[in-house]
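> How does the following fold in three dimensions:
(chains A, B, C and D)
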Protein chains: 2
Amino acid sequence: MTTTSPQGRTELLRPDGSPVRVLVVDDELSITELLSMALRYEGWQIRSAGDGHGALRTAREFRPDAVVLDMMLPDMDGLSVLGRLRRDLPDVPVLFLTAKDAVEDRIAGLTAGGDDYVTKPFSLEEVVARLRGLIRRTGAADRRSDSVLVVGDLTLDEDSHEVTRGGDGIHLTATEFELLRFLMRNPRRVLSKAQILDRVWSYDFGGQANVVELYISYLRRKIDAGREPMIHTRRGAGYLIKPAAS
Amino acid sequence: MTTTSPQGRTELLRPDGSPVRVLVVDDELSITELLSMALRYEGWQIRSAGDGHGALRTAREFRPDAVVLDMMLPDMDGLSVLGRLRRDLPDVPVLFLTAKDAVEDRIAGLTAGGDDYVTKPFSLEEVVARLRGLIRRTGAADRRSDSVLVVGDLTLDEDSHEVTRGGDGIHLTATEFELLRFLMRNPRRVLSKAQILDRVWSYDFGGQANVVELYISYLRRKIDAGREPMIHTRRGAGYLIKPAAS
DNA sequence: CCCCAAGCTGTGATTTCTCTGAGAAACCCA
DNA sequence: TGGGTTTCTCAGAGAAATCACAGCTTGGGG
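Coordinates of the predicted model:
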């Protein structure tokens, strides 16, 4: 089931209308804090654990609809946690967090079962999107909701990563895609550069805030080029996207 | 829940009808005083603290619906306060106060969970508006109320920053927008130039008082131009806004 | 009816914010 | 390993917003 809030945000809900439950497992407190905060903001119910045993204990009692699991835990191997988790909750989808240089193939094997993974350092948009995808696909959320965002004649498919405007396909880089997704998930709302940075760039990004301006500029070239503009600047406040007609 | 006071002011209330509670944390007494006064005027219940430990103690007992938190506290790091605060009150939204030049580095991740921040020196309108936004969005106030102010055929959307009169879109600068918001939040009430200056301009504004006249003039050109005027001067007293028909 | 204080607005200086080109570095895939 | 792609920094140009100042208008008390 999905429902749309007054702000235009779409929320995932479970079949019975209660909020989706997500368990976050990572040994770094700053990471669990960050994720808990962001995921809670999606309207989900969050519990967190700092090690494998805690995770298993919490999972049994909390019965989450999805788990975010760091592969690198102090007390046990990520794989063992996964195995034991599956014993209690056979169908729960898992989003793995891994270091960038971790063995890709082992992960690839794991994700064959419908799970997914992101590498650290991640951006919140990425984690939220993948988690939404997992929950959507495994049917923890009632009706399989749509993976296509639409604003005016602009469409963005979160599954295939396809973007079109007025029917024409548009190629975007990864960062451009995430930025556009964030804008389109919040249509007609002014988003500050800080908000965008916090959401679209990875949590350890230490650079200049004007990358946002730069990428807005790239996006404009690709989606607004020659057409009625959809991306607007609110000087001193931020940016917003809205249908061209209005 | 929202209710409309006899003066025409719209107030945020909690689901049970009791006033919203806000905790203000800053080590400068002048700031907590200023904010407490302004926020109390919104009809909210305010407590304040001058350091991290005091903040945590008060938060536990007062259970605020929102927190205004200076990042620069004498006894502890703003982030530690945040972390511990979140342990007791996982869902409470936080409005951070930061110095203008510190924005870039330590804000990273702060707005990610739906939190927000303003830079010092701020204007009271800004703080109040952001707080209202936070409370509205995180649902501490009952039904998610909407973000549009309406006076006569004039509308102002706090989310999209859109302003229309009689259906026509009107572009306002940041300062014009804040001034109009203040007027529209107090329709049919005379606001003195001093009040306006105190609310709309930052607390350290040292300029000439006639900026208010200047900006009223700008606003009139944009929203009253050619139409029945809605902004009226009460010579020697101040200004007020009201629907054209009356 | 006159005068003055209060209010209004044109001009322009200054500051601030945004956009974008150029290029360096990192990255990815073959 | 090498070339194309992507990300990001830097810096300059340009646009927009803010504000001081000053002269003009207006309203209303005397």
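> What is the burial count for A:A99?
12 (other CB atoms under 10 Å in any protein chain shown). In short, each C-beta sits where N, CA and C put it, glycine included.
> How about the contacts made by A:F96?
By CB atoms under 8 Å, 6 or more residues apart in numbering or on different chains, the contact list for A:F96 reads A:L69, A:D70, A:M71, A:G78, A:I107, A:L110, A:T111, A:D115, A:D116, A:Y117, A:V118.
> For the residue of chain A found nearest chain B, which non-adjacent residue is spatially closest?
The shortest separation between chain A and chain B is 2.9 Å, found at A:M37 (distances taken as CB to the nearest CB). Spatially, and ignoring its direct neighbours in sequence, A:M37 is nearest to B:G113 (2.9 Å; CB to CB, 6 or more residues apart in numbering or on different chains).
> can you confirm that neighbour is in a strand?
No - remark: B:G113 does not belong to a strand; assigned using DSSP: H, G, I helix; E, B strand; the rest coil, it is coil.
> What about it, how many residues nearby?
B:G113 is surrounded by 25 other residues when neighbours are defined as other CB under 10 Å.
> Let me know whether it touches A:R40 as I believe.
Yes - in this structure, B:G113 sits in contact with A:R40. The criterion is CB atoms under 8 Å, and the distance is 6.6 Å.
> Which residues of chain A lie near chain B?
By the criterion of CB under 8 Å from any CB of the partner chain, the positions of chain A lying close to chain B are A:5-7, A:29, A:33-34, A:36-38, A:40-41, A:46, A:124, A:188-190, A:192, A:194-195, A:197-199, A:203, A:205-206, A:208-209, A:234-237, A:240, A:242, A:246.
> and the residue nearest to A:S80 when sequence neighbours are not counted, what does it touch?
Using CB to CB, 6+ apart and skipping the chain neighbours, the partner closest in space to A:S80 is A:G52 (6.9 Å). Taking CB under 8 Å, 6+ apart as the criterion, A:G52 is in contact with A:V25, A:L73, A:D75, A:M76, A:D77, A:S80, A:V81.
> Looking at the residues you listed, which gets the smallest pLDDT?
Confidence by pLDDT is poorest for A:D77 among those, given 86.
> DNA strand D versus that residue, what's the distance?
For A:D77, the distance to DNA strand D under the criterion CB to the nearest atom of the strand, to the nearest Å works out to 31 Å.
> Low-confidence ranges, chain A, go.
Low-confidence segments of chain A, defined by pLDDT under 70, span residues A:1-11, A:102-109, A:111-112, A:140-145, A:246.
> Run through the strands of it in chain order.
Along chain A, the stretches classed as strands by DSSP state E are A:2-4, A:10-12, A:21-25, A:45-49, A:66-70, A:94-99, A:116-120, A:148-151, A:154-157, A:163-165, A:168-170, A:231-234, A:238-241.
> what's the closest of these to B:E228?
Distances from B:E228 to each of those were compared using CB to CB; the minimum, 28.1 Å, belongs to strand A:231-234.
> still on that earlier bit, now, of the contacts of A:G52, which are buried?
In the contacts of A:G52, burial by neighbour count holds for A:V25, A:L73, A:V81, counting by 16 or more other CB atoms under 10 Å in any protein chain shown.
> Please give me every residue in contact with the residue positioned nearest the centre of chain A.
Within chain A, one residue has its C-alpha closest to the average C-alpha position: by CA atoms, centre = their mean, that is A:V128, at 1.9 Å. By CB under 8 Å, 6+ apart, A:V128 lies in contact with A:A38, A:L39, A:E42.
> Buried members of those into ChimeraX, please.
For anyone working in ChimeraX, the buried entries among those, judged by 16+ other CB under 10 Å, can be selected with:
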select /A:38,39,42
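> now, which of the contacts of A:V128 lie within helices?
Applying DSSP state H to the contacts of A:V128, the entries found in helices are A:A38, A:L39.
> mind putting the contacts of A:V128 in JSON lines, distance to DNA strand D included?
What follows is the contacts of A:V128, written out as JSON lines (distance: CB to the nearest atom of the strand, whole Å):
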{"residue": "A:A38", "distance to DNA strand D": "19"}
{"residue": "A:L39", "distance to DNA strand D": "23"}
{"residue": "A:E42", "distance to DNA strand D": "23"}
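> burial measure for the closest residue to A:R130 other than its chain neighbours, as a count.
Using CB to CB, 6+ apart and skipping the chain neighbours, the partner closest in space to A:R130 is A:D116 (5.0 Å). Per other CB under 10 Å, the neighbour tally for A:D116 reads 19.
> Pull the contacting residues for A:L82.
Neighbour list for A:L82: A:L69, A:V94, A:L110 [criterion: CB under 8 Å, 6+ apart].
> Now do the same contact list for the last one.
If a contact means CB under 8 Å, 6+ apart, then A:L110 has A:L79, A:L82, A:F96, A:Y117 as its contacts.
> So A:T58 sits against A:R47, correct?
Yes - here A:T58 reaches A:R47: they are 5.3 Å apart, a contact under CB under 8 Å.
> Return every residue with contacts to both of these two.
Common contacts of A:T58 and A:R47, defined by CB under 8 Å, 6+ apart, comprise A:L23.
> Domain map for chain A?
Domains of chain A are assigned by automatic domain parsing as A:2-138, A:148-241.
> Can you check which of the ones you listed gets nearest to B:F62?
domain A:2-138 (21.2 Å).
> so how far is that closest one off the chain centroid?
11 Å (CA atoms, centre = their mean, to the nearest Å).
> got the residues of chain A near DNA strand C?
With the criterion set to CB under 7 Å from any atom of the strand, chain A comes near DNA strand C through A:193, A:210, A:213-214, A:216-217, A:220, A:233-238.
> Take those and lay them out in TSV including neighbour count.
Formatted as TSV, those follow (neighbours: other CB atoms under 10 Å in any protein chain shown):
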residue	neighbour count
A:K193	17
A:N210	11
A:E213	14
A:L214	11
A:I216	21
A:S217	11
A:R220	14
A:T233	14
A:R234	19
A:R235	8
A:G236	11
A:A237	14
A:G238	19
